[in-house]
Structures are given as C-alpha cells and as structure tokens.
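Peer 1: Okay, here's the prediction I keep looking at, along with the sequence it came from:
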Amino acid sequence: MFGFERVVKGTAFTSQSINEIDILENYLFCLNKDGMIEKLVSPKEEIYSAIIETYQGTSKFQEIPKGEYLLPGFIDLHVHAPQWPQSGLALDKPLYDWLNTYTFPLEAKYKDTNFAEKVYSHLVDELLSLGTTTVLYFGTIHKEANLKLAEICAKKGQRGLVGKVVMDDHEANPKFYRDETTEQALADTEEFIKDVKILGKNVKQGVYPVVTPRFIPSCTDEGLKGLGELAEKYDVHVQSHCSESDWAHQFVIDRFGESDTKSLNKFGLLNDKSVMAHCGFLSAEDAEIFRETGTAVAHCPISNAYFGNAVTRVKQLLHDYQVDVGLGTDISGGFSPSLYDNMKQAVMSSRMLNDGVNHEIESDERGVSNSNITLKEAFYLATAGGGKSLSLPIGELKEGFTWDVQVVSTHHLPVFGEDTLEETFQKLIYIMKPEQIKEVWVQDQLVYKQ
Ligand SMILES: O=c1[nH]c(=O)c2nc[nH]c2[nH]1
C-alpha cells in the first residue's frame, strides 16, 4: 500500500540550522530503494499507525531500541589516508619539517599497492566504526594506490571522495616523492578521474574523483592551471590546503604577491565543489571569495592546534560571511580519526580564541570576541555543514537526503533522574565512547555492526 523499501522507527537528532537541532521523537523514517529518506512521519500524523501496522513484524521494519538514538552519519572533509600508520606519532615539528621528515617518506611507500591495500582497508573500517560515512580523502601521487582506496570505499560501503595528490614542482619536492613531470601529473589525474567515474557507476553510495593539488608550495603554475582546467572539464570536486600556517600562508604571498585564496581562484580551483583545508589565515577579502565561489572550508581543529599557528575563525565564516564549513580530522596532522573528538576540540579551540590565552594582556583585549561556537554548531559542522560543503544530499535526516545514520546507545551515560532529550543530545556528543556506536548505515546499507 505504501511501497517503502524499509521503515525505521526511532528518535533522531539532526541539525535544523547552523545553531539549532531538530529532535525527531519516535518518528518513522520511510526509505526508498535508492536508500533515500522518502518520507518522515511524526507520531501526530494520521498515517503513522497505518504505516506501523503495514510494516511491523516484517523484515522491512526496524525499531530502534529504548535508550538508543539515531544521528546522521558524520562527514570528514579532510583525511590523508596514507598517513594513517603515523597517527599519534611525529607531532613534534612544525609543518614544513614534519612533511619532509616524516610524511613524504611514508607517503612514498604507497608505490607498493599491497601496502596501500592493507592500510586503506584498516582505515576505512576504523572510520566506519566511528560513524563516519562520507570522507574526502587525499591519497598519494600514485594512481594505482589511489584507485585501490576508491575500490575499498566502494566495497566496504563508505562514500569516498578520493584525490590523486599532485606534487609536480621538482624544486619543491624530494626526488623520492614527486610527480615525474607536470604532463605526467595531469595525465595521471585525468586517467584517475575517468577510472573512478567508471567505478562509481555501480556503487550505490557513490565514489568520486577529486582534483588534488597538495598545496601551492608543491605545485608549478602549469600544474595548478592544468588541474583547474581538469576540474572544469570533468565537473569534479577539488581539494587542497589553503592558508594553513604562518609558513604556508607567507610562502604563497612571497611567490605570487597575493593570498592563497586569490591565487587558487586565478587557477580556476575555487568553485561550488571545492573544499579547502584549514584556512586559519583568511582575510575578509578571502572570505568573500570563498562565499562568492561557493568554496567550503574543512576546519581541522586538532591538527590546527599542532600546525596551524592560529585558530580558524569558524563562527565568523559561518555567520558573517555565509561560507560553507565542515569538519576534518586531518589524519595524521590530527591524531584522532574521530569526528566526536574533533567536535569537542572545535568548541574548545573557539573558546580559547574568544577569550585569548595570555593572562598578561587585559581581558577585554586578550581574545577575538564573538568567536566561540556551541556544541550544536560543532555538530552542524560534522553533519549538515559537511554535506553542504560537498554539495551532496547528506548529513541531515530530512526528506530527500540519504539514509546515512549511526545508531548510538546512551546506556553508559551518567543519568541520575531524568534527562530531557536536549540534555541527552549534549551528553551523547560530549561523552561518546566508540563502543556505544552500535550500527552504521550508508545509503540504507548496513556497513558496521558491533
Ligand atoms: O596538515 C597538513 N598535512 C599535509 O599532509 C599537508 N601537506 C601540505 N600541507 C599539509 N598540511
């Protein structure tokens, strides 16, 4: 009578706006065969009981148990997949030294596709188990290893957006880890785009190729220009690092006499499908360019505490400039693969930015006022903000969005009396333990069960 593929009954938390959440108590989530939410039905609606009567007791009905809740699957906008083996290690040097001492030697190992397969399988499993259903990945310079990552995402059910990293400047990159020539880097990127587009045709949740200049310091002008042209030709996502640290920000100013943002824009790399990581040093003019071009920011608060030399002005970007912002773990500049950890750090970093940290300065001059974000805003970044950044219908539990969800338990929470659902939400996010993530679904496919 109704024709839904599945019906799920439960209580869900989802962003209503940047700073508000919707609590959908005992709703029915009616899903179609494409894994999308076709209809949301509240207990107040007349058809509510008719749908339950039709589906309850069949294999198409799922009731979320008491004490468990639904959250949107998280969207990680910045992961360096090849750096997974050094997560939690090697965080003792500034960005430039860290790249040359630890990171480039590790990334060079992905010439070996077997090594890539081992690491990437482990990483995708780990991220899914933490409720992360969509990931924007940097790979390495190696086309085959990157394709392996896309295939692993496809097979394991994660929505992966994967980039072949371009590092074509021979002056700037070590001999053991760089593209052979600019022409080769562009040819490999184009072939990779075509291969992933073919792969993606048969993948329910989608896998996508991403144009990926590592950052301006590692690319030639010709390389950057060619990548901008490929992004336009194939209408694909773009990712890079932008104004990340004192060094990286100043490097671009010294080379081009203008900011990262302006330079990336001139090379055709900023558009509605572009996501730029970090962005701690954006000027007001840069932020306007982000808004005008539809470019999004991947905020990586844990990584920025190590390499950023500044706290990204998330609150201002979201509210004053209406820039799309999502959250990134930045494995392994950030040591934690969990977006729960990064949501908390986003709140804490913003509070330190707001108040300032040097007690020798008068309190009213110590910080950047109106910078602190709330937990709900951090949740927005990990969910709806990520979806908007990627221009995909993900990250919200609303009609027309994908059924990407985590089923999370609250049995471990300290409740002595009765919490409101609003309080439950706050505790859930702040005191989540990985073992409380019971199930993870992507486009209505079960991809993780405890
Ligand atoms: O945090 C970072 N991780 C990286 O791998 C990288 N490459 C350039 N800039 C970078 N920043």
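Peer 2: Structure's in. What do you need?
Peer 1: biggest helix in this protein by residues?
Peer 2: helix 182-200 (DSSP state H).
Peer 1: what's the span of stretch 167-186 from first residue to last?
Peer 2: 10 Å (CA to CA, to the nearest Å).
Peer 1: Equivalent analysis for stretch 421-439, please.
Peer 2: Using CA to CA, the two ends of stretch 421-439 sit 20 Å apart.
Peer 1: Pretty sure T329 sits against P337.
Peer 2: Yes - between T329 and P337 there is a contact under CB atoms under 8 Å: 5.6 Å. The way it works is simple: take the backbone N, C-alpha and C, and place the C-beta from them, glycine included.
Peer 1: What about I51, how many residues nearby?
Peer 2: By other CB atoms under 10 Å, 20 other residues sit near I51.
Peer 1: For it, give me its contacts.
Peer 2: I51 makes contact with F2, F4, V7, L28, C30, V41, according to CB atoms under 8 Å, 6 or more residues apart in numbering.
Peer 1: again, but for G223
Peer 2: V166, D168, D169, D179, T182, A185, L186, P213.
Peer 1: check which helix or strand covers G333.
Peer 2: When elements are assigned from DSSP states H and E, G333 belongs to no helix and no strand.
Peer 1: any residues in contact with both of T329 and P337?
Peer 2: With CB under 8 Å, 6+ apart as the test, T329 and P337 both reach V79.
Peer 1: Neighbour count for those two, which is higher?
Peer 2: Shown here are T329 and P337; by other CB under 10 Å, T329 has more neighbours (31 against 22).
Peer 1: Against the ligand, how distant is that one?
Peer 2: Separation of T329 from the ligand (CB to the nearest ligand atom, to the nearest Å): 11 Å.
Peer 1: ditto for V252
Peer 2: 12 Å.
Peer 1: SS state for that residue?
Peer 2: helix (DSSP: H, G, I helix; E, B strand; the rest coil).
Peer 1: again, but for L318
Peer 2: Applying three-state DSSP: L318 is helix.
Peer 1: Then G163?
Peer 2: Quick answer, by three-state DSSP: G163 is strand.
Peer 1: Find the residue closest to the residue in the chain positioned nearest to the ligand in space, skipping its chain neighbours.
Peer 2: Of all residues in the chain, G333 sits closest to the ligand, at 3.2 Å by CB to the nearest ligand atom. Once flanking residues are discounted, G333 sits nearest to S303: 3.6 Å by CB to CB, 6 or more residues apart in numbering.
Peer 1: ok, and the one you found, which helix or strand is that part of?
Peer 2: Going by DSSP H and E, S303 is in helix 301-303.
Peer 1: Flag every residue of the stretch 51-200 of the chain that's near the ligand.
Peer 2: By CB under 6 Å from any ligand atom, the residues of the stretch 51-200 of the chain that approach the ligand are H80, L95, L99, T103.
Peer 1: isn't the second one right up against S303?
Peer 2: No - taking contact to mean CB under 8 Å, the distance of 9.6 Å between L95 and S303 leaves them out of contact.
Peer 1: These two: who's more crowded?
Peer 2: S303 (28 against 23).
Peer 1: Now do the helices in the stretch 251-400 of the chain.
Peer 2: 260-266, 284-293, 301-303, 314-319, 339-355, 363-366, 375-382, 384-390 (DSSP state H, counting those that start in this stretch).
Peer 1: Export those helices as a markdown table, with columns for mean pLDDT.
Peer 2: Compiled in a markdown table, those are given as follows (pLDDT from 0 to 100):
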| stretch | mean pLDDT |
| --- | --- |
| helix 260-266 | 98 |
| helix 284-293 | 98 |
| helix 301-303 | 98 |
| helix 314-319 | 98 |
| helix 339-355 | 98 |
| helix 363-366 | 96 |
| helix 375-382 | 98 |
| helix 384-390 | 98 |
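Peer 1: will you turn these into JSON lines that also has distance to the ligand?
Peer 2: As requested, the helices of the stretch 251-400 of the chain are exported to JSON lines (distance: least, CB to the nearest ligand atom, whole Å):
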{"stretch": "helix 260-266", "distance to the ligand": "11"}
{"stretch": "helix 284-293", "distance to the ligand": "17"}
{"stretch": "helix 301-303", "distance to the ligand": "5"}
{"stretch": "helix 314-319", "distance to the ligand": "17"}
{"stretch": "helix 339-355", "distance to the ligand": "13"}
{"stretch": "helix 363-366", "distance to the ligand": "27"}
{"stretch": "helix 375-382", "distance to the ligand": "18"}
{"stretch": "helix 384-390", "distance to the ligand": "18"}
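Peer 1: Kindly reformat those helices as TSV and extend each row with distance to K194.
Peer 2: What follows is the helices of the stretch 251-400 of the chain, written out as TSV (distance: least, CB to CB, whole Å):
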stretch	distance to K194
helix 260-266	24
helix 284-293	25
helix 301-303	32
helix 314-319	34
helix 339-355	31
helix 363-366	53
helix 375-382	32
helix 384-390	21
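Peer 1: so which of these gets nearest F425?
Peer 2: helix 375-382 (8.1 Å; CB to CB).
Peer 1: Which strands and helices lie in contact with the closest one?
Peer 2: Applying 3 or more CB pairs under 8 Å, 6 or more residues apart in numbering; DSSP states H and E, we find helix 375-382 packed against strand 6-17, strand 20-31, helix 314-319, strand 325-327, helix 339-355, helix 421-430.
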